[in-house]
Structures are given as structure tokens and as C-alpha cells.
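> sequence and predicted model, in that order:
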Amino acid sequence: MQYFLSCGLIIMLAATSHALFSKSSRGLVGFASQRPVFRSLLASMTPAQSFSSAPMPSTDLKFSSLRTVNFKAQSDVASFNGDVLIVPLFQDHAKKPVLKLLNGEAFTHPVVADLIADHSFKAEAGAECLVRVYNHDSLNVKYVALVGLGAEPKQDGEVSKNTPSRLASAVVSVAEKTQAKHVGLVVPTGVAQEHVANLMLSVHDALYKDERFRLPSKKPENNKPPGGPLATVSLFEIDATIAKALPETQRSVEHIVSGVNFAKDLVGAPSNSKTPLAIAQAAKELAASLNLECNVLGLEECQRLNMGGYLGVQQGSKFPPQFVHLVYRPKTPHRDGVTKVALVGKGLTFDSGGYNLKTGPGSSIELMKFDMGGCGAVLGAAKAIGQLQPDHVEVHFISAVCENMVSAEAVRPGDILVASNGKTIEVLNTDAEGRLTLADALVYAQRLGVDHIVDLATLTGACIVGLGDHVAGLYANNAALRTALESSASRSGDKVWSMPLTESYREWLKSPIADLKNISGGKGGGSITAALFLQEFVEVTGGSNDADNCSPAWAHIDMAGPVWDNAKSRPTGYGVRLLVDYLQHLQKKN
């Protein structure tokens with residue numbers, strides 16, 4: 001019987017399909033409302049189920065609002081009037097206390113004292129022990145939380161580079177569990193100024209949550225933000241100098257966080273929302289809000305500049321090329337002069353692989369929205385620098401934005417493209433497209449007469465094979481620039497590992513019919529040969545490669561691994577903190 005009823009329904013729908021969907025029809029809802037069976041169906045629908053006016057999530061490119069937390073220095077735990085006091089411990093705390101408050105009044109509560117004394121709390125990295133405090137004369141808090149920091153630092157006064165992020169995770173996790181608004185944190189001894197800044201940055205990082213493309217949940221508990229109502233973090237036991245500078249540190253941190261979140265929003269947005277046109281519009285609006293110069297080159301301008309590599313990749317897309325160039329110039333330049341820097345970010349808003357289509361396990365085609373991670377980092381840095389306003393640097397933020405798609409117009413394997421410096425490129429693999437767009441962007445950057453060029457790109461899977469998900473590969477033609485970026489990576493937490501520009505591998509890029517080919521031919525060293533390919537579009541004068549006096553100083557950062565947090569399935573904002581730190585610490589030009 002069910003079979004015959006189903007057949008009857010199919011026949012009825014087929015017979016009425018023309019009336020339902022023809023241009024002359026009154027529409028699905030209008031047609032259905034005239035039939036009793038559909039009328040009762042529509043009447044039973046909730047507003048969210050009906051075909052009409054329920055608000056729907058938009059896929060337009062939009063940005064998250066910045067959630068800020070106030071940090072303040074406090075000297076006396078007894079005077080703290082908050083919700084929870086967090087006490088971090090290293091694993092070796094029983095042998096050698098590392099916290100000034102360890103034997104103090106805060107631990108006279110018997111439960112806390114017992115946990116420390118009998119080693120019930122092992123203090124492994126990430127471990128937490130939450131204790132409810134009742135009627136305690138010395139502590140005006142509801143909870144004391146012991147959190148583990150892992151192994152003891154090897155030397156007195158040293159703090160692990162991982163300590164700030166672990167402390168931040170504990171702050172947000174404990175605040176969320178206790179629904180605390182005001183949290184106190186006992187800071188381990190040996191914490192320096194950059195550690196406090198990284199702690200603050202890491203707290204904001206843990207608070208980020210992308211809710212732009214979903215409806216609010218019907219369950220209120222699912223709509224709670226990370227960290228609950230966390231609003232204030234009081235820091236105990238920090239150095240007086242650090243405490244005095246805390247308001248200025250917080251101001252700087254909030255500017256950097258706004259850039260990091262901007263990058264996360266760009267990288268995490270679906271490709272149908274962040275088309276090249278949408279990215280260009282976002283760049284224009286960013287520039288207008290911060291008084292940055294903005295120039296977006298379209299198809300005709302790029303053709304006049306002979307950007308054959310970039311346009312060859314773009315030609316398969318229905319969207320026009322959008323070559324974005326923002327400029328920050330200090331209002332009052334430093335008396336010692338300014339250093340001119342170009343930051344170039346790969347801007348593939350979606351990478352299908354082209355005719356060498358990404359297929360099969362591990363191709364990650366569904367994640368190729370993050371292939372503009374370099375662009376996100378550069379524009380995020382622009383947002384931060386536009387607010388920080390350093391007086392010793394002029395910064396050019398550049399991205400050749402486009403898609404790599406399959407169509408009748410798309411570049412084909414075997415085609416030859418001519419880059420803007422005149423070099424010809426045999427395209428052996430259309431999925432090695434990022435280097436083609438970067439080639440023209442690097443030529444453009446060098447023609448601006450800058451002193452330094454730093455490009456960032458989610459360029460090769462080979463770099464992930466070599467360095468994993470957390471570390472980017474760093475290539476440089478200048479020893480001083482390499483050292484500066486390594487130092488910034490250490491301070492900022494955006495990790496890099498220096499890689500060689502092996503000269504003998506350059507032979508692998510030679511083509512029998514063109515100046516270059518865009519892949520080395522499967523001989524290994526894919527990240528190195530990609531960097532060597534890019535170096536072909538940076539013309540060095542005044543010194544040999546890897547010399548302090550070569551100009552321009554150029555560095556390439558292959559960030560294919562750290563652009564995305566696979567465990568949390570979200571963007572990391574990688575590169576913004578690194579670039580901002582590098583620019584802030586850049587020596588003034590003499």
C-alpha cells in the first residue's frame with residue numbers, strides 16, 4: 001500500500017510541476033495554498049520552516065566584533081575581590097617552589113595545602129584542579145584553581161615559551177567552567193614583558209569564536225561564548241616595571257588582536273563570501289578607516305603591467321583580478337629616516353588546483369579557502385600597524401587576489417606564461433599556481449624601491465611534510481633579515497624554521513622551451529624549489545645572496561602548515577603577530 005501511495009504522490013507532483021515552477025506560476029507557496037493537502041502542511045509549519053520571510057544567515061563577507069578583556073596589575077591577593085584565583089604550578093613545585101605566594105596566605109586553605117603537600121595534583125601541562133572556597137578569612141574568592149604548566153624551567157628565572165599560551169588556556173577554561181567575570185592569576189616568577197604581552201594575546205586568541213554563518217542555537221548553553229562572562233584578569237606577582245607599562249601593553253595588544261582576528265575572519269570565511277571583489281572591498285574599507293593609501297588594480301591595469309603569471313592563474317575564474325596595494329606612511333617620520341618594507345601575501349581565495357584538480361584523500365580541496373592565508377596575514381598586519389602607527393617604517397601591503405578554477409578559459413598544463421619581468425614560465429602543473437601570482441607581486445614590490453620584501457604564502461605541502469602543522473619554513477637572501485624574522489618568531493610565538501636556498505636545486509627549474517618551469521619534476525625538496533622559483537623574481541643588487549648588503553633584502557615564509565588549526569578546525573591568524581613584531585623591532589634606517 002505504501003508503495004502505491006508513494007507512486008501516486010510522485011505522479012501528482014509530476015503532473016503539477018510545470019504549474020509549480022513555470023515563470024507564469026503564482027509560485028510554490030501561492031499554488032500550494034489553493035490545495036487542501038498543501039494548505040494543512042503550510043499551516044503546521046513553524047515560521048522558521050515556512051517558505052517565506054524567516055531571517056536566514058547571510059554568506060556576505062562580514063567581520064567579528066572584537067571582544068576585549070581588561071588586564072590590571074595587583075600586588076595583594078588578600079585584597080582581591082573576584083570570582084576565582086588561578087595558581088599555576090610546575091611539576092617540580094614540591095622540590096623547589098617557583099611562586100612567591102606558594103607558602104603564603106593563599107594556601108592556608110586546608111584543601112589547597114593538602115593538594116600541594118601530598119602531590120595529589122601532578123601539575124602536568126594543561127591539568128586543572130578546581131577547589132570551592134567556603135568562608136575563608138584570607139581569600140575573598142569563590143574558587144581557587146590549580147593549573148599545571150608541565151616541566152620546571154631548566155634555569156632559574158627562565159619561563160618556557162609555551163607558558164603564556166598555557167596560562168591563557170587556563171584562564172579561559174577556568175572562567176568558562178566557573179562562569180567567572182573577574183579572574184586573578186598568580187604569574188610565575190621570571191616572566192618578562194614579552195611574556196605578559198603574549199599571555200594577553202593568547203587570552204584573546206582563546207576567546208575567538210566564529211559565529212558569523214550560523215543561526216543562534218535554541219539551547220542557550222550552546223550560545224555561551226568561550227570564557228563565559230570573563231571581563232577582567234588581575235595579575236599578581238609581576239615586576240613593578242611590567243606593571244607600570246601594563247596599560248600601554250594592553251593598548252598595543254588590542255591593536256594587534258584586532259589584526260589577528262581580521263586575518264582569522266578572512267581566512268575562515270567560505271570562498272563564496274570572500275570573492276576577489278569582496279576582499280578588495282574589505283581592503284578599501286580597512287584603508288579608509290585607518291587613513292591608509294589604497295590602490296586596487298583591475299584587469300586592464302594588470303595587463304598594462306604585463307602580469308602574465310598572475311593573470312594566467314586568474315583567467316579561469318568568473319571574477320576579475322583584484323591586485324590590492326595598501327600603504328602606511330608615518331605622519332611624522334623618525335628623524336633618522338624610515339625603512340621601506342613590502343609585505344606580500346598570496347591571495348588565492350579558492351584553489352581548485354585548476355586542470356590538475358585536487359582529488360583524492362589528502363588533497364584538502366574543501367579547505368582551500370585558507371589558500372589566501374598570506375593575504376590574510378598581510379591585511380591583518382595592515383590593520384594593526386595602521387593603529388600602532390610606528391614612525392620608523394613605511395609599509396606596503398600587497399596581494400594579487402584571485403581564484404584558481406577550472407573553465408574553458410583556464411590555463412592548461414603545458415602553457416607558457418610571461419611574467420612582468422619578462423621571464424617565461426612553462427606551466428607543468430596548474431596546482432603550483434601560488435608562485436605564479438607571487439612572481440608578479442614580487443616584481444611589483446621591488447619596483448616600489450623598498451629596502452625589504454617579505455612574502456608569506458600557503459605555498460607547498462612539502463613544507464608541511466618537513467616541518468609539520470605548527471612551523472613555517474623561512475627562506476631569505478639576507479642573513480640580517482633572516483635573524484630579525486627568527487627573533488620575531490621567538491617573541492611572537494609564530495614559529496619559523498630557517499631553510500636553505502640550495503643553489504644546485506635551481507637546475508631542476510630549468511625548462512627546455514622556456515626560462516623556467518613552475519615545478520621541479522618530483523625530485524623532492526618541493527618547498528626549497530618553490531622558494532628558488534620566487535627568488536627568480538627578486539633582482540638583487542649591491543651584494544651576493546645571503547649577504548648583509550644585498551638589496552632588496554628578501555624573505556619567503558611558507559606558512560602552509562600553521563595557517564590552520566586542524567584540531568579545532570579553524571584559522572590561526574598566523575603571521576600577523578610575526579609581521580607586527582618584525583616591523584616594530586626593525587632598526588631605524590640611518
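Yes, it's here. Remember, it's a predicted structure, so these values are computed and weren't measured experimentally.
> put the alpha carbons of stretch 573-586 into PDB.
Extracted C-alpha coordinates of stretch 573-586, given in PDB (Å, rounded to 0.1, in the frame of the first residue of the first chain):
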ATOM      1  CA  GLY A 573      45.700  34.100  12.300                       C
ATOM      2  CA  TYR A 574      49.300  33.000  11.700                       C
ATOM      3  CA  GLY A 575      51.700  35.700  10.500                       C
ATOM      4  CA  VAL A 576      50.100  38.900  11.900                       C
ATOM      5  CA  ARG A 577      52.000  38.800  15.300                       C
ATOM      6  CA  LEU A 578      55.200  37.800  13.500                       C
ATOM      7  CA  LEU A 579      55.000  40.700  11.000                       C
ATOM      8  CA  VAL A 580      54.000  43.300  13.500                       C
ATOM      9  CA  ASP A 581      56.800  42.300  15.900                       C
ATOM     10  CA  TYR A 582      59.300  42.400  13.000                       C
ATOM     11  CA  LEU A 583      58.100  45.900  11.900                       C
ATOM     12  CA  GLN A 584      58.200  47.200  15.500                       C
ATOM     13  CA  HIS A 585      61.700  45.900  16.100                       C
ATOM     14  CA  LEU A 586      63.100  46.900  12.700                       C
END
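> that one: how far from the chain's middle?
Relative to the centre of its chain, stretch 573-586 is centred 12 Å away, using C-alpha atoms, centre = their mean, to the nearest Å.
> what mean pLDDT does that stretch get?
For stretch 573-586, mean pLDDT is 97.
> list the buried residues in it.
Using 16 or more other C-beta atoms under 10 Å as the test for burial, stretch 573-586 gives 573-584, 586. Quick note: C-beta positions are derived from backbone N, CA and C, even for glycine.
> what's the answer for stretch 439-459, then?
So, applying 16+ other C-beta under 10 Å, buried residues of stretch 439-459: 439-446, 450-459.
> check stretch 497-506 too.
Met499, Leu501, Tyr505, Arg506.
> ok, these vs Lys369, which is closest?
When the buried residues of stretch 497-506 are compared for distance to Lys369 (C-beta to C-beta), Met499 wins out at 26.2 Å.
> please report phi then psi for Ser289.
Dihedral pair for Ser289: phi -70, psi -20, per degrees, to the nearest 10.
> how close does it sit to Ala283?
Ser289 is 11 Å from Ala283, where distance means C-beta to C-beta, to the nearest Å.
> who has more neighbours, these two?
Ala283 (26 against 11; other C-beta atoms under 10 Å).
> so what's the residue lying closest to Ala283 once chain neighbours are set aside up against?
Using C-beta to C-beta, 6 or more residues apart in numbering and skipping residues adjacent in sequence, the residue nearest Ala283 is Val324, 4.7 Å away. Counting by C-beta atoms under 8 Å, 6 or more residues apart in numbering, Val324 makes contact with 279-280, 283, 294, 296, 347, 375, 379, 397-401.
> again, 10 Å this time
Residues in contact with Val324 (C-beta atoms under 10 Å, 6 or more residues apart in numbering) are 276, 279-280, 282-284, 286-287, 294-297, 345, 347, 375, 378-379, 382, 397-401, 441.
> what's the answer for Gly353, then?
Gly353 touches Thr359, Ser363, Ile365, Met368, Asn404, Met405, Val406, Asn429, Thr430, Asp431, Ala432, Glu433, counting by C-beta under 10 Å, 6+ apart.
> help me confirm that it is found in a strand?
No - per DSSP: H, G, I helix; E, B strand; the rest coil, Gly353 lies outside any strand segment and is coil.
> how close does it sit to Thr359?
8 Å.
> low-confidence ranges in the chain?
1-58, 92-120, 135-138, 153-160, 218-222, 542-549, 588-590 (pLDDT under 70).
> hang on, His325 in a helix?
No - per three-state DSSP, His325 lies outside any helix segment and is strand.
> does it touch Cys302 like I think?
No - the pair His325 / Cys302 is not scored as a contact, 11.5 Å apart, by C-beta atoms under 10 Å.
> joint contacts of these two?
Taking C-beta under 10 Å, 6+ apart as the contact rule, His325 and Cys302 both touch Ala400, Tyr444.
> what's the burial count for the nearest residue to Thr460 once chain neighbours are set aside?
Of all residues not flanking Thr460 in the chain, Ser527 sits nearest, at 4.5 Å (C-beta to C-beta, 6+ apart). Using other C-beta under 10 Å, the number of residues around Ser527 comes to 23.
> now Pro552
By other C-beta under 10 Å, neighbour count at Pro552 equals 24.
> for it, which non-adjacent residue is spatially closest?
Of all residues not flanking Pro552 in the chain, Ile453 sits nearest, at 5.3 Å (C-beta to C-beta, 6+ apart).
> the one you found and Leu579, how far apart?
Here the criterion is C-beta to C-beta. By it, Ile453 lies 12 Å from Leu579.
> mutual contacts of those two, please.
Val341, Leu343.
> that older thread, filter the contacts of Val324 to the buried ones?
Buried residues within the contacts of Val324, counting neighbours by 16+ other C-beta under 10 Å: 276, 279-280, 282-284, 286-287, 294, 296-297, 345, 347, 375, 378-379, 382, 397-401, 441.
> check which residues of the lengthiest helix in the chain are buried.
In terms of residue count, the longest helix belonging to the chain (DSSP state H) is helix 240-268. Using 16+ other C-beta under 10 Å as the test for burial, helix 240-268 gives 242-243, 245-246, 249-250, 252-268.
> what of stretch 270-277?
For stretch 270-277, the neighbour count (16+ other C-beta under 10 Å) marks Ser271, Ser273, Lys274, Thr275, Pro276 as buried.
> let's see it as CSV, backbone CA atoms only.
Output of stretch 270-277 as CSV, limited to C-alpha atoms (Å, rounded to 0.1, in the frame of the first residue of the first chain):
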residue,chain,number,x,y,z
PRO,A,270,33.9,30.5,2.9
SER,A,271,35.1,31.2,-0.6
ASN,A,272,31.7,32.1,-1.9
SER,A,273,31.7,35.1,0.6
LYS,A,274,35.3,36.2,0.1
THR,A,275,35.5,36.5,-3.6
PRO,A,276,38.3,38.6,-5.0
LEU,A,277,35.9,41.5,-5.3
